[in-house]
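S.K.: requesting a structural model of the entry that follows:
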Amino acid sequence: MPETPQTPGTTIASLGESALIRSIKGWLGRANPPSPFGIGDDCAVIPGDLKGLLVTVDPVIRGRHFDDALPPRLVAEKLLKRNLSDIAAMGGVPTKAVIALSAPPDLPVAWLRAFYMALGKSACRHHVQIVGGDCTQSDGFLGAFLTLLGKPGKRVLTRDGAKAGDVLFVTGNLGGSLLGHHARFTPRLDEGAWLVKQPAVRAAIDLSDGLGKDLFSLLSPGLRAVIRTDALPASRDARRAARIDGRSVTDHVLNDGEDFELLFAASAKRANALEAAWKSMFDTPLTRIGRLVAAEDDQVAVVTFDPPLPPDVHVHGYEHFR
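M.R.: A predicted model of the protein is given here:
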């Protein structure tokens, strides 16, 4: 790529991931269909003769998603499970995958053997067939890119559909992912498949970039989220990370990312019944973390916290390209 002089505001770093995705949608114009068939959800929905097809893609890149301290077995499992979490967020069932590998020529065969063997075992556990892919040589770069296909459930859960008055729920516990959870998590496939059958559930997303960022994806124009700060479910790793680096536990819960839990909005009238039914079905914790209310400005998504966040906690999550 030729080097060109850069001025402020001309690089993708000046946009950040969220603004970049909005720009890409605009640049594509009519080539990008409206939700749920276009860009913007956890998976794309491909129309078909029956219910259509779910498609998602995620990579693992050395230096970004893993380092040399992580064994190839866990790198492979993380690659597949990142994609499985997207399918889970839309209530689908994973089916087939293709994988593209880019690796330097001096990568040990032993590393690659362990990677692909673990990928195959993990795929079999989740009833996924790996049906194709590609390999290419790189100069010092190591990354794998997996495209996963899935079947929709009874319907498709998207990020749109939440309404004022809805209750916000989150599965599991959040924060401290860098201490191990980022590579040792369980994609919530069973939970997502159950949620999509519940009429009370209106919208959902998987928490890959942190609650502090991903929450905004559920806020359509005209909605404001009110979060119960004291109800946020902190993981043991979030508390341990706070002791290590001095940041507050709440900061870790909101901003660490790679939780791979599900955040969803549900009808307030059916929230109690939904919670009771959940507890009879799953051991996975479910926490009511807030509610959605009408915003004063229908063009701006706003999140407020009750009680207010400490002054040293800023809500941002993980923003790519920033």
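
S.K.: tell me who's in contact with the residue nearest to R155 when sequence neighbours are not counted.
M.R.: In space, R155 comes closest to V196 once its chain neighbours are excluded; the distance is 5.9 Å by C-beta to C-beta, 6 or more residues apart in numbering. Just so you know, the C-beta spots here come from the backbone N, C-alpha and C atoms, and that holds for glycine as well. V196 makes contact with M90, G91, G92, G153, K154, R155, V156, L157 under the criterion C-beta atoms under 8 Å, 6 or more residues apart in numbering.

S.K.: for these, work out which two are farthest apart.
M.R.: Greatest spatial distance among those (C-beta to C-beta): M90 and K154, at 11.6 Å.

S.K.: so for these two, which residue has more residues nearby?
M.R.: Using other C-beta atoms under 10 Å as the criterion, M90 and K154 rank with M90 on top: 28 against 12.

S.K.: S217 looks like it's in a helix, true?
M.R.: Yes. Note on S217: a helix contains this position according to DSSP: H, G, I helix; E, B strand; the rest coil.

S.K.: just give me the neighbour total for G222.
M.R.: Residue neighbour count, defined by other C-beta under 10 Å, stands at 17 for G222.

S.K.: isn't it right up against E296?
M.R.: No. Using C-beta atoms under 8 Å, G222 and E296 do not qualify as a contacting pair, with a distance of 9.5 Å.

S.K.: picking up where we left off before, any chance of the contacts of V196 in TSV, with distance to P72, secondary structure and pLDDT too?
M.R.: Output for those, formatted as TSV (distance: C-beta to C-beta, whole Å; DSSP: H, G, I helix; E, B strand; the rest coil; pLDDT from 0 to 100):
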residue	distance to P72	secondary structure	pLDDT
M90	29	coil	95
G91	31	coil	96
G92	28	coil	96
G153	33	coil	88
K154	37	coil	84
R155	38	coil	91
V156	34	coil	92
L157	33	coil	95
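
S.K.: out of those, which end up buried?
M.R.: In these, burial by neighbour count holds for M90, G91, G92, G153, V156, L157, counting by 16 or more other C-beta atoms under 10 Å.

S.K.: which stretches of the chain form strands?
M.R.: Listed in chain order, the strands found in the chain under DSSP state E are 44-46, 53-61, 93-103, 129-137, 143-151, 167-171, 201-206, 223-228, 262-266, 286-294, 302-306.

S.K.: out of the ones you listed, nearest to D86?
M.R.: Taking those one by one with C-beta to C-beta, strand 53-61 is closest: 4.0 Å.

S.K.: partners of that closest one in the sheet?
M.R.: When sheet partners are counted by DSSP bridges, strand 53-61 sits next to strand 44-46 (antiparallel), strand 143-151 (antiparallel).

S.K.: who's in contact with stretch 134-145?
M.R.: Under C-beta under 8 Å, 6+ apart, the answer for stretch 134-145 is 57-62, 75-76, 79, 99-105, 107, 115.

S.K.: ends of it, how far apart?
M.R.: 10 Å (C-alpha to C-alpha, to the nearest Å).

S.K.: so which bits of stretch 123-139 are buried?
M.R.: Within stretch 123-139, the residues that count as buried by 16+ other C-beta under 10 Å are A123, H126, V128, I130.

S.K.: nearest spatial neighbour of the third one, skipping sequence neighbours?
M.R.: This means V128. Ranked by C-beta to C-beta, 6+ apart and with sequence neighbours excluded, the top spatial neighbour of V128 is P94, at 5.0 Å.

S.K.: enumerate every residue touching that neighbour.
M.R.: Contacts for P94 (C-beta under 8 Å, 6+ apart) come out as N83, L84, I87, H126, H127, V128, L148, L149, G150, L189.

S.K.: and these, which are buried?
M.R.: N83, L84, I87, H126, V128, L148, L149, G150, L189.

S.K.: which two of those residues have the greatest separation?
M.R.: Within these, two members stand farthest from each other by C-beta to C-beta: L149 and L189, at 14.2 Å.

S.K.: does F169 touch P285 like I think?
M.R.: No. No contact is recorded between F169 and P285 when judged using C-beta under 8 Å, the distance being 10.3 Å.

S.K.: compare those two (neighbour count), which wins?
M.R.: Neighbour count, other C-beta under 10 Å: between F169 and P285, F169 has more, with 22 against 13.

S.K.: in the sheet, who's paired with that one?
M.R.: Residues found in beta-bridge contact with F169 (criterion: DSSP bridges) are F264, R288.

S.K.: what's the distance between it and A114?
M.R.: Separation of F169 from A114 (C-beta to C-beta, to the nearest Å) stands at 38 Å.

S.K.: one more: G40?
M.R.: Summarising the geometry, the distance separating G40 from A114, computed by C-beta to C-beta, is 36 Å.

S.K.: sorry, back to before: mind putting the strands paired with strand 53-61 into JSON lines with distance to R291?
M.R.: Output for the strands paired with strand 53-61, formatted as JSON lines (distance: least, C-beta to C-beta, whole Å):
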{"stretch": "strand 44-46", "distance to R291": "28"}
{"stretch": "strand 143-151", "distance to R291": "30"}
